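Chemist: Just a sequence and a predicted model for now, questions to come.
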Amino acid sequence: MRMHTTTLIAALVLLVPASMSVAQFSDKAVEEAIKKGTAFLLQEQQKDGSWGRFIADPKAGPANPHYQVTGPTALAAYALMECDVSPQNPQIAKALEWLGEQKEDHTYSLALRANAWLAANRTTKAKYIRPLEKDVGVLVSATRTGAYHYLAKPQNTWCNSNSQYGVLGLWAGVQGNVELPTEIWKRVMGHWEKCQNHDGGWPYSAGGESTAAMTAGGVASLYVCLDSLFNQAFLQCQGNMNYKPITAGLDWLDKNFQATMQGQKLGHSDMPYYLYALERTGLASGRKYFGKQDWYKAGATWLVGQQAPDGSWTSQFNAGNTGKTLGTAYALLFLIRGRNPVLFNKLEHGGDWNNRPRDMASAALWISTTFEKAMNWQIVNPDVPVAEWHDAPLLYIAGSRNFAIAAQNEEKLRTFVNQGGTIFSCTECGGAGFKANISAVYAKLFPQYKLAPAPPAHEIYTVYYKPNPARLQFQIMSNGIRPIVIHTDVDLPLIWQARKYATGLDAFQGATNVIKYVADSFLLLRPRGTTHWPADAGAGHTATIKIVRLKHSGNFDPEPLAYERLARLMGQRAKVKLEVEGPIAIADLAKTQAKLAVMTGAGKVNLTDDEKATLKAFVMAGGGTIMIDAAGGNRDFAGRMEEMIADLFGNRSLRTLAANAPLYTLPGMAIDKVEYRRQTRLRLNNLKTPNLKAVIENGRAAVIFSAEDITGALVGYPSSTVDGYEPDSAFELMRNIILHGTQGNPRP
């Protein structure tokens, strides 16, 4: 199983599960579990700043190899800092001080302490770099073969539990900018290759059976070696080739995942210990699933169900002393690290999608380190439901030779975009085949829009960093209010893969700008495992309301699924079955029985005299209500609509609705405060009340107008380009507009 550098290519092959949800999963429950677990660890800290020592046998003294002085404290402090407890927090500061005073010569403890130093360095300007360098240096000198045992010194015996923790400590050094000799990674890789079992898994010690935690640890360790040794092996576009030790290990986890979640094949470990190893493997590989399950949802569901009333989890290790500390810390690390937002979903298409298997891993690591906020990436398969793609705002597609995807999955790309996502694609190695394929797909899916070069002054080059546009050459397809496709024929994946942080800085800054341009802020990204797209509300409605959407000569439908999502939310939150007709021609408005007509758009629009007359008659003679909003906050459309309203109803007919207007004061649905998007807050001087305008006829709001976006917000995505309301506020406004504008129309 020995590997040669010239043939090394990593494989990230995904099995395609038929069913991938864990029904019990709830992000709110996970968030509450993290809060309770954090509180438990803080209250368990001892007066000296520690969380006690690990003593497997109370009769054994410090000479016993299982006696760990700093391990429990390092693990607890590390977990708490990952849960956003600041290293300046008095309790954490005291723990770090205590850790720095202790002598340590055990592998577990050194590795965990190194990770505690790393976590503390992120927000203290590397205050703890010297102790990190010291602990990592001990780990480097502690192995001749790449394997470790309990005592951190070269020896002839090893166990893979200590070996994976030794690698974990070394990797903390890499992330903390500690220089390590290349030779150490060759030793580590050699050890894990040699001791892999024929079934693809890894044992605790030589000759043993494969176990879940050791296999997860083996795969994670090999990924660290790949990232540290062989980035240069992927400079050519050679397709999706395999590195068998990793693919065999992932296959073992796939085959045995369900059994491991039932407590089987855990070997010397227990569930919290195993889940921490599984989380590291899932994040390193970019895998979203093991077997037929989302590994994070499965593990989080188990942990939420097993949490004790005091907020703790129990580990079988040293259960009489520090067992709760260890179990709780491991559980928190799984929950918080796995829950971190996902920046990019990398699509596993049928072409050469994985020429650069570590491109997104490197880009995500650089962004996480730069912004001192842990963020992930992952791989998604086109055969899964689109809802499974919404962990990330960006669907990343790369290739050189071709972009191949089944017709039914091609349609999923359109759905993903129409549900608020953005596709980000890169041509590798100047591949004409991929460029032609992906361009044809975009033209087919979105024929009304064009992919065009972003000029050097475009916001995508200035939204946060100011990289050299010539080194990125982004092309953008917009629906009129936001980017739906961002593409480049510059081989950025090559730079990310090779980790050219200095000479290729523009590429890393460009990736950051893409995220900022699409999603506005890292703080707006959803936790992993959640989606903004609601399920169908089903039955249980108390009323049915019909509204109609209108066509016009301009871009009348930039967000085709905005009102589908609104209808689902109306069913869930207002118990109203919303029937949405159209978009229909304005000339056909009189034929409908709807009392509320909705018109949106982006860009210039010209209505005919007949269309204007129809709209006026709908309001004046038919008693209907018209709702108009400028999609994305588009100024051209807003200006044209204000002119039209003045032409039809008088120059001074359109007025800002008062705070006590009936539309805002519906019983049980009062709106006295709204939230705007960032750029809108700045433009409106932090206005907190709605900014709707209306034409009042016979005491009712007959024409309702919003210059601020509502349509885009109804889709529910974060955005830097949309000028308007935040999604929840947009829903509340439309809910009230619908209920107010259709009074007398609801059908029980």
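Modeler: Perfect, I can see it now. Everything numeric in this text was worked out from a predicted model, so none of it was measured.
Chemist: Show the contacting residues for residue 203.
Modeler: Neighbouring residues of residue 203 by Cβ atoms under 8 Å, 6 or more residues apart in numbering: 160, 195, 197, 209-211, 214, 267. Heads up, the C-betas are built off the backbone N, CA and C, glycines and all.
Chemist: Which residues does it form beta bridges with?
Modeler: residue 210 (DSSP bridges).
Chemist: picking that back up, out of the contacts of residue 203, the closest to residue 364 would be?
Modeler: Nearest to residue 364 among these is residue 214, at 26.2 Å by Cβ to Cβ.
Chemist: State the mean pLDDT of the strand or helix carrying that closest one.
Modeler: Assigned by DSSP states H and E, residue 214 belongs to helix 212-229. The predicted model assigns helix 212-229 a mean pLDDT of 93.
Chemist: same deal with stretch 391-399?
Modeler: 97.
Chemist: could I get that stretch in CSV with only the CA atoms?
Modeler: The C-alpha coordinates for stretch 391-399 follow below in CSV (Å, rounded to 0.1, in the frame of the first residue of the first chain):
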residue,chain,number,x,y,z
ASP,A,391,-25.9,24.8,3.2
ALA,A,392,-23.8,27.3,1.2
PRO,A,393,-24.7,30.4,-0.8
LEU,A,394,-22.4,29.3,-3.6
LEU,A,395,-22.4,26.2,-5.7
TYR,A,396,-18.8,25.8,-7.0
ILE,A,397,-18.2,24.0,-10.3
ALA,A,398,-14.8,23.4,-11.7
GLY,A,399,-13.4,21.4,-14.6
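Chemist: Just give me how far that stretch sits from the chain centre.
Modeler: 11 Å (Cα atoms, centre = their mean, to the nearest Å).
Chemist: do stretch 122-141 as well
Modeler: Centre-to-centre, stretch 122-141 and its host chain are 29 Å apart (Cα atoms, centre = their mean).
Chemist: For stretch 533-542, what is the distance to the chain centroid?
Modeler: On Cα atoms, centre = their mean, the centre of stretch 533-542 falls 26 Å from that of its chain.
Chemist: coming back round to it: enumerate the positions of whatever helix or strand comes next after the helix holding residue 214 that are buried.
Modeler: Using DSSP H and E, the helix or strand that follows helix 212-229 towards the C-terminus is helix 244-260. By neighbour count on 16 or more other Cβ atoms under 10 Å, the buried set for helix 244-260 is 245-254, 256-257, 260.
Chemist: Likewise for stretch 677-688?
Modeler: Neighbour-count burial for stretch 677-688, counted by 16+ other Cβ under 10 Å, picks out 677-680.
Chemist: from the buried residues of helix 244-260, which single one is nearest residue 369?
Modeler: residue 246 (23.9 Å).
Chemist: could you pull out the strands for the stretch 301-450 of the chain?
Modeler: Ranges of strands within the stretch 301-450 of the chain are 342-347, 376-380, 394-399, 422-427, based on DSSP state E, counting those that start in this stretch.
Chemist: can you redo those strands as JSON lines with mean neighbour count and distance to residue 365?
Modeler: Conversion of the strands of the stretch 301-450 of the chain to JSON lines gives the following (neighbours: other Cβ atoms under 10 Å; distance: least, Cβ to Cβ, whole Å):
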{"stretch": "strand 342-347", "mean neighbour count": "26", "distance to residue 365": "11"}
{"stretch": "strand 376-380", "mean neighbour count": "24", "distance to residue 365": "9"}
{"stretch": "strand 394-399", "mean neighbour count": "26", "distance to residue 365": "15"}
{"stretch": "strand 422-427", "mean neighbour count": "25", "distance to residue 365": "18"}
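Chemist: mind giving me the domain split of this protein?
Modeler: As given by automatic domain parsing, the domain ranges for the chain are 22-339, 342-524, 543-741.
Chemist: weakest of these in terms of mean pLDDT?
Modeler: Looking at the domains of the chain, the weakest mean confidence is domain 22-339, a mean of 92.
Chemist: Next, the contact list for the residue minimising distance to the centre of the chain, please.
Modeler: Among the residues of the chain, residue 342 comes closest to the average C-alpha position under Cα atoms, centre = their mean, at 2.2 Å. The neighbours of residue 342, taking Cβ under 8 Å, 6+ apart as the test, are 375-378, 391-392, 525, 528.
Chemist: which one of these sits closest to residue 236?
Modeler: Residue 236 lies nearest to residue 377 out of these, by Cβ to Cβ, at 22.5 Å.
Chemist: what about residue 565, helix or strand, and which?
Modeler: helix 562-569.
Chemist: ok now that helix, how far from the chain's centre?
Modeler: Computed by Cα atoms, centre = their mean, the separation of helix 562-569 from the middle of its chain amounts to 23 Å.
Chemist: Keeping just the C-alphas, turn that helix into CSV.
Modeler: The C-alpha coordinates for helix 562-569 follow below in CSV (Å, rounded to 0.1, in the frame of the first residue of the first chain):
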residue,chain,number,x,y,z
ALA,A,562,-40.3,34.4,-4.6
TYR,A,563,-44.1,33.9,-4.3
GLU,A,564,-43.8,30.2,-4.0
ARG,A,565,-41.7,30.7,-0.9
LEU,A,566,-44.2,33.4,0.3
ALA,A,567,-47.0,30.9,-0.1
ARG,A,568,-45.3,28.3,2.0
LEU,A,569,-44.6,30.8,4.7
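Chemist: and it, what other elements does it pack with?
Modeler: Helices and strands touching helix 562-569, by 3 or more Cβ pairs under 8 Å, 6 or more residues apart in numbering; DSSP states H and E, are strand 576-584, helix 711-715, helix 727-741.
Chemist: what are the ranges of the helices in the stretch 351-500 of the chain?
Modeler: 359-371, 407-418, 432-445, 492-498 (DSSP state H, counting those that start in this stretch).
Chemist: who's in contact with the last one?
Modeler: Residues lying outside helix 492-498 but in contact with it, judged by Cβ under 8 Å, 6+ apart, are 231-232, 234-235, 355-360, 362-363, 398, 426, 428-429, 472, 504, 507-508, 510-511.
Chemist: any idea how far the residue sitting furthest away from the middle of the chain lies from residue 124?
Modeler: Relative to the C-alpha centroid of the chain, counting by Cα atoms, centre = their mean, residue 621 is the outermost residue, at 50.3 Å. For residue 621, the distance to residue 124 equals 70 Å [Cβ to Cβ, to the nearest Å].
Chemist: Just the buried subset of the contacts of residue 203, written out for PyMOL, thanks.
Modeler: Burial among these is assessed by 16+ other Cβ under 10 Å; the matching PyMOL selection reads:
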select buried, resi 160+195+197+210+211+214+267
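Chemist: now the helices: where do they sit in the stretch 101-250 of the chain?
Modeler: According to DSSP H, counting those that start in this stretch, the helices that the stretch 101-250 of the chain contains are 107-121, 129-141, 160-175, 182-194, 212-229, 244-260.
Chemist: TSV please, covering the ones you listed and showing distance to residue 280.
Modeler: Compiled in TSV, the helices of the stretch 101-250 of the chain are given as follows (distance: least, Cβ to Cβ, whole Å):
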stretch	distance to residue 280
helix 107-121	11
helix 129-141	17
helix 160-175	8
helix 182-194	14
helix 212-229	4
helix 244-260	12
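Chemist: Packed most tightly, which of these would that be?
Modeler: Highest mean neighbour count of those: helix 107-121, a mean of 28 (counted as mean count of other Cβ atoms under 10 Å).
Chemist: So which elements touch that one?
Modeler: On a contact count with 3+ Cβ pairs under 8 Å, 6+ apart, helix 107-121 meets helix 71-82, helix 90-101, helix 129-141, helix 160-175.
Chemist: relative to helix 90-101, how tilted is that helix?
Modeler: Put simply, helix 107-121 runs at 130 degrees to helix 90-101, going by axes from the mean of the first three to the mean of the last three Cα atoms, to 10 degrees.
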